[in-house]
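Undergrad: Fold the following for me, if possible:
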Amino acid sequence: MKLSTNADYAVRAVYELACHEPGAVVQTHAIAAAQGIPESYLTKVLQQLARADLVRTLRGNQGGVALVRAADEISVRDVYEAVEGPVKLRRCWQRATPCGDERCATHDFWSTIETLLAQELENVSFAALAADARKQGGKSVAPATSGR
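TA: Residues are numbered from 1 along each chain as shown. Here you go, the predicted model:
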């Protein structure tokens, strides 16, 4: 399994916002610099997150991006599914017509893994990720602006 660049950048962007005070507005270029994300790619990811109502964008000199909800109310699953759709590992979900009565021998195994992965992603909030980083001495370097 491989994490897509899109999902990786989305998680890193929301993590960066979670490292700031609630309601803080962070400029896109600052998020990109702090997380090593190409700004043009980040803009597209932020649009997807805004459509999913996870972030809000503000224009102008004091503009930037802010979380819509508190970081403890946003799970990694919320962000992953905003950019990638539901967690699906079974190949039958990728077909035009899912499995019929004849399931493959590994169908139930992949179904279980899918469920466990979705639950784990749901159980991790961005507040917890930011707190873990602070405990380990990591910190955000993107400055927040005063525009709320």
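
Undergrad: low-scoring pLDDT stretches of the chain, where are they?
TA: Within the chain, the ranges that satisfy pLDDT under 70 run 91-103, 137-148.

Undergrad: now the helices for it?
TA: Secondary structure of the chain, counting by DSSP state H: helices at 5-18, 28-35, 39-51, 76-84, 107-123, 126-135.

Undergrad: quick one: residue 122 and residue 80 touch, right?
TA: No: the pair formed by residue 122 and residue 80 falls short of the contact definition of CB atoms under 8 Å, at 9.8 Å. All C-beta atoms are positioned from the backbone trio N, CA, C, and that covers glycine.

Undergrad: More neighbours: the two, which one.
TA: Neighbour tally, residue 122 and residue 80, criterion other CB atoms under 10 Å: the higher count belongs to residue 80, 23 against 15.

Undergrad: quick one: contacts for that one?
TA: 7, 10-11, 87, 121 (CB atoms under 8 Å, 6 or more residues apart in numbering).

Undergrad: ok, now with 6 Å
TA: Neighbour list for residue 80: 7, 121 [criterion: CB atoms under 6 Å, 6 or more residues apart in numbering].

Undergrad: next one: residue 72
TA: Listed by CB under 6 Å, 6+ apart, the contact partners of residue 72 are 125, 127.

Undergrad: Tell me the spacing between it and residue 39.
TA: Using CB to CB, to the nearest Å, we find residue 72 at a distance of 28 Å from residue 39.

Undergrad: Quick check: closest non-adjacent residue to residue 118.
TA: Nearest residue to residue 118 in three dimensions, chain neighbours excluded: residue 87, at 4.5 Å (CB to CB, 6 or more residues apart in numbering).

Undergrad: Could you give the number of residues near that neighbour?
TA: When neighbours are counted by other CB under 10 Å, residue 87 registers 19.
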